[in-house]
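Visitor: What follows is a predicted protein model with its sequence.
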Amino acid sequence: MHTRKAAALVTAVALVAAGCGSKGEHKASGGGDTLQIGASLSLTGSLAREGGLTKEGYELCRQAVNAKGGVPVGSKKLKLDIKYQDDTSKPDTAAQLVDQFNDKGVKLILGPYGSATTEAAAAVIERNGQVMADSSGADDKIFQKGYRRTFAALSPAHSYAASMVQAINEMAKPKPSTMAFLSADDGFSKTVAESGAEEARRLGFKVVATEYFPSGTSDVSSALTKVKPMKPDVIIGSVHVAEGIAIIKQARELGVRPAGGFAETVAPPTPDFAKSLGADAEGVLGSTQWTDTTTGKDKWIGSAKDYATAFKAAYGGRAPEYHGAEATAACLALVFAVEKAGSTDADKVRDALAGLNEPTFFGPLKFTAQGQNLTKKMQVVQIQKGRPVSVWPKDVAEAPMVWPGTGK
Amino acid sequence: MSQFLQATVYGLLQGGLLALIAVGFSLVWGVMNVINLAHGAFVLVGAYLTFELNQRFGLDPFAAIVPVGIALFAAGYLVQRGLINMVVKAPIFITLLLTFGLELVLVNGLVLLYSGDYRSVTTGYAGDGFTLLTGVRVPLGRLLAAAVALAITLVLVAVMRHTRTGLAILATGMDRGAARLMGIRARHVYALTFGIATAMAGTAGAAVSAVGTFSPADAGRFTLFSFVAAVLGGLGNMYGALIGGIVLGLVEAWGGQLLPGTLVNAVAFGVLVVVLAVRPQGIAGRAFYASRVEV
């Protein structure tokens, strides 16, 4: 009887010890000749599509770095190894998974897809002393909480709609005078719409309405019905793909035709947009983190054109879009930081990230004290002949902006 | 005023589409006492089939209703005979679990086949429309979808009331034991009912593909709409889901005029709560169906 109790106690103690042991260990991050990185991604659930695109970007980074021998750290070259977990598009699951990575000793993390999941993960990262390279969480709120361990490779939310307003201000002739903002009501989209409207007022446009609809809806008819009598020259949507398509479809159904055109943040650059709208997509403006005309070069990928070639070769001839590129860029930020730090230690990598200033195929990677990338500029694209074409800023434009965008 | 009228017209049409999605769901619930959580997935299967037919053969989405309906009827009949019939007498949690599992399999199967991309079937006319005197715009695609919903419901009611098969379905729904004693083969009747319901889901999917966008993640949304419309309209009456869907569409359209964003859902569910408090059997439902005894 006594021995059995003792045995149970020993087992219990051993289990606890094993659990603790793995928690505090730093070595696992770079054990052996691999650089272990963790990524919690939306592989199923409502963001499965974008999560999948992000994974492709991470994988491309891994292949590119490993093809060149790996990340030089001291005298060694470490091969990248990225472990993926599925957060089913839920923020709390993403946070738990990042915690689990920490338990396994994985301190270097690549961000999940989207602002909500990134925000949840960032809190855990901070608490655990991990480091996260954020590839898609653009909401400015994530960076207003004083976190020091989350670094976003991409341009922040406040430039998504503002860049389109600036492009219209510079290039649209005849210049429109009124704008209406339609926005999904999640935190990210609201930030985008509010900062876009602010920029529009600053540049002298009259903002006649800002209407909100439920995030993820495919029915935006209420917002369109409200905006219709105000006859705005431009309708700017702060949307995801589904709502972006719905605005164009239902605007046609309801006979809402702005004299200038439509502009819709992230929807037009995705291939789904032009495919599912056909001719109605023509002339719609959008903003994007990246196109293959982006200037800049780095030693792992090369230029934006090289990235496009590599992407096509890896994914059956499909052209890359910004989801993949921003994921690759976030992964590169970690790679550069590890190399610069000469160590896989989380604190040293953090400090290296904070001081990073590297030109890449994605544009410059340089972070503010809050961890945002303000050096990189957003690009504005326009659907021309069924394809998103870069039209702003002028130095990277492939074609002039067609205005009015709805004119046929 | 014209803004309010526009919202009303659009809400009515939107409601017609919701009703089309919900009618089959309500039928299965009313007759078999099975809450089919896979209903939304069947709507999507219909939408993707329409998409395939359009891509490969250039078939118009509204013409695709016929082949899609037939294919989904066959699929529904087999799923009921081979799968759901095994648990049809089991407690409701078991049927919920089974249909939920079926939904997961279907939705993830669609993700594998088609990825999570948003899709839509483009037609030259669905976005067009005509303008009424007061400046109210009526979109053609949605008008067609609502007309299909109304026609299908009327045909269903006629079939139920005036054919032997329909009466057998109604009888089995009222009292399975007594129906079997009268020589009705409950297994076959249930499979027919489920087949009709999935065929209607497929039809709704075809209409959705023409007027909106869809991706595998929408399955849950369609099931939720069906559930609300079925409960709002009430079980045991073929018009229940039609009324429920139209009320839901109208409430959402009016709510959208008054409130911003997600609060619209609060209005829709608020109406549901009020209806259930005042009239627990739903707007057009019969109390009998909630309290029947299964033998």
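Guide: Now that the structure is in, tell me what you want to look at. Numbers count the residues shown, from 1 in each chain, chains lettered A, B, ... in the order given.
Visitor: switch to C-alpha atoms for all contacts and neighbour counts from now on
Guide: Fine.
Visitor: Any residues of the stretch 51-200 of chain A in contact with chain B? List them.
Guide: For the stretch 51-200 of chain A, the residues in contact with chain B (Cα under 8 Å from any Cα of the partner chain) are A:184-185.
Visitor: all strands for the stretch 51-200 of chain A, in order.
Guide: Ranges of strands in the stretch 51-200 of chain A, per DSSP state E, counting those that start in this stretch, are A:71-73, A:76-86, A:108-110, A:131-134, A:150-152, A:178-184.
Visitor: Near chain A, which residues of chain B are found?
Guide: Chain B has residues B:3, B:6-7, B:10, B:115-122, B:126-129, B:137-140, B:211-213, B:217, B:253, B:256-257, B:260-264 near chain A, with proximity defined as Cα under 8 Å from any Cα.
Visitor: Can I get the buried ones among those as something I can paste into PyMOL?
Guide: Per 16 or more other Cα atoms under 10 Å in any protein chain shown, the buried members of the residues of chain B next to chain A correspond to this PyMOL selection:
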select buried, chain B and resi 3+6+7+10+116+117+118+119+120+121+122+126+127+128+129+137+138+139+140+211+212+213+217+253+256+257+260+261+262+263+264
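Visitor: Out of the residues of chain B next to chain A, name the ones that lie in strands.
Guide: Within these, residues falling in strands by DSSP state E are B:129, B:137-139.
Visitor: Same list, the strands of the stretch 51-200 of chain A, but as CSV with mean pLDDT please.
Guide: What follows is the strands of the stretch 51-200 of chain A, written out as CSV (pLDDT from 0 to 100):
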stretch, mean pLDDT
strand A:71-73, 94
strand A:76-86, 95
strand A:108-110, 97
strand A:131-134, 97
strand A:150-152, 96
strand A:178-184, 95
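Visitor: can you list these in a markdown table and add mean neighbour count?
Guide: Below are the strands of the stretch 51-200 of chain A laid out as a markdown table (neighbours: other Cα atoms under 10 Å in any protein chain shown):
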| stretch | mean neighbour count |
| --- | --- |
| strand A:71-73 | 19 |
| strand A:76-86 | 19 |
| strand A:108-110 | 29 |
| strand A:131-134 | 30 |
| strand A:150-152 | 30 |
| strand A:178-184 | 26 |
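Visitor: give me every residue that touches the closest residue to chain B within the stretch 51-200 of chain A.
Guide: Using Cα to the nearest Cα, the single residue of the stretch 51-200 of chain A nearest to chain B is A:D185, 5.8 Å away. Residues near A:D185 by Cα atoms under 8 Å, 6 or more residues apart in numbering or on different chains: A:212-215, B:261-262.
Visitor: Likewise for B:E252?
Guide: With contact taken as Cα under 8 Å, 6+ apart, B:E252 is in contact with B:11, B:264-265, B:267-268.
Visitor: Who wins on neighbours among the residues you listed?
Guide: B:G11 (24 neighbours; other Cα atoms under 10 Å in any protein chain shown).
Visitor: For B:D128, see how far away that one is.
Guide: Distance of B:G11 to B:D128, given as Cα to Cα, to the nearest Å: 17 Å.
Visitor: who's in contact with the strand or helix carrying B:A168?
Guide: If you go by DSSP states H and E, B:A168 is part of helix B:164-174. Here helix B:164-174 makes contact (Cα under 8 Å, 6+ apart) with B:30-32, B:159-161, B:178-180, B:184, B:186, B:189-190, B:193, B:289, B:292.
Visitor: again, only this time at 10 Å
Guide: With Cα atoms under 10 Å, 6 or more residues apart in numbering or on different chains as the test, helix B:164-174 has contacts from B:27-33, B:156-161, B:163, B:176-180, B:182-190, B:192-193, B:236, B:288-289, B:292-294.
Visitor: Just the buried ones from those?
Guide: When the contacts of helix B:164-174 are checked for burial by 16+ other Cα under 10 Å, the buried set is B:27-33, B:156, B:160, B:176-177, B:179, B:184, B:186-187, B:189-190, B:192-193, B:236, B:289.
Visitor: Just the ones in strands from these, please.
Guide: Per DSSP E, strands hold no members of the buried ones among the contacts of helix B:164-174.
Visitor: Out of the residues you listed, which sit inside helices?
Guide: Using DSSP state H, B:27-32, B:156, B:160, B:176-177, B:179, B:186-187, B:189-190, B:192-193, B:289 are the members of the buried ones among the contacts of helix B:164-174 that sit in helices.
Visitor: Tell me the pLDDT of residue 28.
Guide: Let's take chain A. Note for A:A28: predicted pLDDT of 44.
Visitor: oops, I was thinking of chain B
Guide: 92.
Visitor: Where do the helices of chain A begin and end?
Guide: Taking DSSP H as the test, the helices found in chain A are A:2-24, A:48-67, A:91-103, A:115-128, A:160-171, A:187-202, A:221-227, A:241-254, A:271-277, A:304-314, A:322-341, A:346-354.
Visitor: ugh, typo on my part, it should be chain B
Guide: In chain B, helices defined by DSSP H lie at B:2-32, B:39-57, B:65-82, B:92-114, B:140-162, B:164-174, B:176-181, B:186-211, B:219-233, B:238-258, B:263-278, B:288-291, listed in chain order.
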